[in-house]
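Novice: How does the following fold in three dimensions:
(2 chains)
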Number of protein chains: 2
Amino acid sequence: MGNFGYELLKQDRTGARLGRVTTLHGSFSTPVFMPVGTKGSVKGMTPEEMTDMGIEIILANTYHLFLRPGHQLVKELGGLHGFMNWKRTVLTDSGGFQVFSLCKLRKIEEEGVKFSSHLDGTKYMLTPELAIEIQEALGADIIMPLDECTPYPADRDYTIRSMQLTHRWAKRCKDIKKDNGQALFGIVQGGMYKDLRKESAEALVGMDFHGYSIGGLSVGEEKHLMQEMVAETVQYLPSNKPRYLMGVGTPEDLVFAVEMGIDMFDCVMPTRNARNGTLFTRKGKLVIKNAQYERDHSPVDETCGCYTCRNYTRAYLRHLFMMGEILASRLNTIHNLYYYTNLMQQMREAIKEDCFEDFKKKFYSDRGVAILPG
Amino acid sequence: MGNFGYELLKQDRTGARLGRVTTLHGSFSTPVFMPVGTKGSVKGMTPEEMTDMGIEIILANTYHLFLRPGHQLVKELGGLHGFMNWKRTVLTDSGGFQVFSLCKLRKIEEEGVKFSSHLDGTKYMLTPELAIEIQEALGADIIMPLDECTPYPADRDYTIRSMQLTHRWAKRCKDIKKDNGQALFGIVQGGMYKDLRKESAEALVGMDFHGYSIGGLSVGEEKHLMQEMVAETVQYLPSNKPRYLMGVGTPEDLVFAVEMGIDMFDCVMPTRNARNGTLFTRKGKLVIKNAQYERDHSPVDETCGCYTCRNYTRAYLRHLFMMGEILASRLNTIHNLYYYTNLMQQMREAIKEDCFEDFKKKFYSDRGVAILPG
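Specialist: I've put the predicted structure just below:
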C-alpha cells in the first residue's frame, strides 16, 4: 500500500461511512467532495481559498493536461502540486472519459483508444500504459486506470465487451504502475445491468486496487437507474477501501450516495454553475440574474458562512453577473464550493453523531420536499 | 472643508510632495495610485486583497454606474461602500469623459451633454447638476464636476470655448453640491496651450475647490506635450490642496509627475494589461504568453513581494493565460496592482528620505535606460 491508506472510522446504521484517507500529500476525511481543476486550476480559486474553506483534495483532468501544457512540462515544474501551488491531495482521472466525451474521431482497440485532439486535431493513441505514464508524471496522489465509460444506452453485448476491455486495461495499468506511493483505483463498469456491475466489481476487487471507483453513471440515464447501480455495486466492494462515485453529482445525489456508503465524489456542477450564475442554497438553486434579486439586500443564504454570504448582497452579485465581472465568477464559485464542502462536513458530522436520518430529514424539509424522491 | 483635509507633510528639493488626505472613509498617503473599479469592482479583486496590499483609495466610474445598476439602486444598497464592501476611500469621476469616449451620439450644449447609452442607445442628458446628484447618491468621498475633456488635437478657439464651458459647469457643480463631507475637485482643462492651462488653473483656484485635477491629458498627444502641460499647470495650483493627474499613466509617467508635485493618479493600465497578459516589472513589461516563458521556473520578478511572485512560476502563469483561466486574470492583476502600489510606496519613501533622485536613477537603470527620456 505504500503511503496510501484508508481507515474506516465508523459506518452508521444507514450504511453511511466516516473515514480518513492518507496519501502522499496529507490526508482527507470522507465522505468528501473533490472540486474539479480541469486544466490545473479550479476555475477562479486560489489554493489558499480552497484550503481555508476546508477543501483537502482536488481533481485534475489528465486528458487536458496531457494536451496542454503536456505532462512532461508539468513534471519539470514539480508535478501538479508544484505547478499549481497546491500542497494537499490531488486525484487525476485516466483521460478516458474526456477522450470519449470531447473527441470526435476516436476508435477503441484492444491496444487503447485512438483519438484526435479537440483542440487542433492532432492524432494520439491513449493506451493503459500511457495513461499511467502521464499520471505518474503529473504526480497525482490517487490515479485511475484507463477505462471505457460505457455509453448510455448500450445493449447487453456491447456492455459486456466494454466491461471486459476495461478489466483487461485495468490489469495492464496495475502491472505497469510503479511502486511509488501513488494509489491506483479500479473502475467498476457494467452499464445499467446489475449482474454486470456485480461481475465488474468482483473482477476488480480480485485484482486488489487501493480503492474502487464506480464509473459509467450520470451519463444520461434516469435517476433511479443511477441509484440502483450504486446500491448494487457497493455491496461487492470491500469495506476497507475507499469508494469513489465518479462525476456525481447534485446535492441530492451526494446525500443518496453517502447513505449507500460512497466515500468520494467529484463534479463540475458547483464550479460550472457558479460561473453561469446558479447558486446552491439549502432551499435549492438560486438563479442570480433573476429580476427579483435586483434590489435584494440579503445574502445568497443567510445561514451560509461563506465569504460571499458574509460580505455581499444578492443585488451586488446580480450586478456583477449582469456586467460579466470576473468577481461574479469568483464570489459565486466561493459560495458553491463552500456549499458542497459544508454539505459533506454536515454529513460527516451526522454520521459521527448517529443522526444521518435527522440530517436527511432536515436536508429535504429545507428544500420543501416532504417525501424523499425515489 | 467638512471631513476632507490635505496635509502636506513634505516637499523635497525635486518638487515631489509627501502628503496625507483625510476623507469620510479614512485617509490615504500621497502620492497615490488609484486602481479603477469601473462598474463597482476592480476587475478580479476583492476589497480585502486590495487592502492587504496597501491600497487605500479606488476610483469608480459614474457613467457606467449611472447606466447599470443605476445610482439610486447603489444608494439604496449603502452607496458604493456598502454595495462593493469597500470600507476605504472612493473617488468618482463626473461621467463626462466616458460620455465623450464611449458614446456615438453626443451633443454638447450649455445645459449639459446629450448622449445615447453605448449599451442600448437610450438618450440622456448629463448636466453638471445631474453629475453631482449621481455622485452624491453613489456616496464617493471625492467627486468631480462635469467637464469637457477637450479632444486632441483641438484648435485654440475650440479649446478656449471648451475650457470656458468647463469653468461654468464647475461653478454650477460647486453651487449645487451639498455640504455633506464629500470633497469636490476642480478640473483644469486648456488643451495643449500653456497660457490656457494657466488661465484654467487660476479660474478654478479662484472658485476654491477641495483639490485640483488636471484633465485632458493622455488623450493621444506626444509625451513631451503631456509633460509640458503638467509642469505648466502645477505651478498655479495651491500647495495646500491635493493635485490629481487624471487617467495617467505608465510607471514612467508616474515617476515624472510625482517629481512635478502631483499627488494622485488613476489609470486602467495595470488592471487592463494584466487581463491581456502584460505584466509590469522593474525591468519593463513582460508579455506572459511569449514562448520563452513556457518552461520558465522563475517568478515574474524575483524581487517582487506580491502573492503571485511568491507562489507561481512564469510557466504556470503562461499556461493559465493560454488556457483562458480566470486565475490568470486574478494573479496578473494582483501582480500589476502590487507593482503600481509598491512603486508609489517607494516614491513616498524616497521623498521622505530625501533621495528621490537616487530612486529615479535606480528606476531607470533597472530598465536599462541610462539617460532620462525627454
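Novice: quick one: A:Ala201 from chain B, how far?
Specialist: Noted for A:Ala201: a distance of 37 Å to chain B, by CB to the nearest CB, to the nearest Å. Any C-beta I mention is one placed from the backbone N, CA and C, and that applies to glycine too.
Novice: With A:Gly95 instead?
Specialist: Taking CB to the nearest CB, one finds A:Gly95 at 17 Å from chain B.
Novice: That residue reaches A:Leu146, doesn't it?
Specialist: Yes - checked against CB atoms under 8 Å, the pair A:Gly95 and A:Leu146 is within contact range at 7.1 Å.
Novice: Now do the shared contacts for the two.
Specialist: A:Leu126, A:Ala131 (CB atoms under 8 Å, 6 or more residues apart in numbering or on different chains).
Novice: For those two, indicate the residue with more neighbours.
Specialist: Using other CB atoms under 10 Å in any protein chain shown, the more surrounded residue of A:Gly95 and A:Leu146 is A:Leu146, with 29 against 26.
Novice: just the helices in the stretch 51-200 of chain A please.
Specialist: A:62-67, A:71-76, A:79-84, A:96-102, A:128-138, A:156-176, A:194-207 (DSSP state H, counting those that start in this stretch).
Novice: export the fourth one as PDB, just CAs?
Specialist: Provided in PDB are the C-alpha atoms of helix A:96-102 (Å, rounded to 0.1, in the frame of the first residue of the first chain):
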ATOM      1  CA  GLY A  96     -10.500   8.200 -21.000                       C
ATOM      2  CA  PHE A  97     -13.800   9.900 -20.100                       C
ATOM      3  CA  GLN A  98     -12.700  13.100 -21.900                       C
ATOM      4  CA  VAL A  99     -11.500  11.300 -24.900                       C
ATOM      5  CA  PHE A 100     -14.900   9.700 -25.200                       C
ATOM      6  CA  SER A 101     -16.900  12.900 -24.500                       C
ATOM      7  CA  LEU A 102     -14.800  15.600 -26.200                       C
END
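Novice: Go through it and flag the buried ones.
Specialist: Within helix A:96-102, the residues scored as buried using 16 or more other CB atoms under 10 Å in any protein chain shown are A:Gly96, A:Phe97, A:Gln98, A:Val99, A:Phe100.
Novice: out of those, who's nearest chain B?
Specialist: Nearest to chain B among the buried residues of helix A:96-102 is A:Gln98, at 14.5 Å by CB to the nearest CB.
Novice: The residue nearest to that closest one when sequence neighbours are not counted: how many residues sit nearby?
Specialist: In this structure, A:Gln98 finds its nearest non-sequential neighbour in A:Tyr63, 3.5 Å apart by CB to CB, 6 or more residues apart in numbering or on different chains. By other CB under 10 Å, the residues close to A:Tyr63 number 26.
Novice: I'd like to know how far A:Tyr63 sits from chain B.
Specialist: On the measure of CB to the nearest CB, A:Tyr63 and chain B end up 13 Å apart.
Novice: quick one: contacts for that residue?
Specialist: Neighbours of A:Tyr63 in contact, by CB under 8 Å, 6+ apart: A:Asp93, A:Gly95, A:Gly96, A:Phe97, A:Gln98, A:Val99, A:Leu102, A:Leu126.
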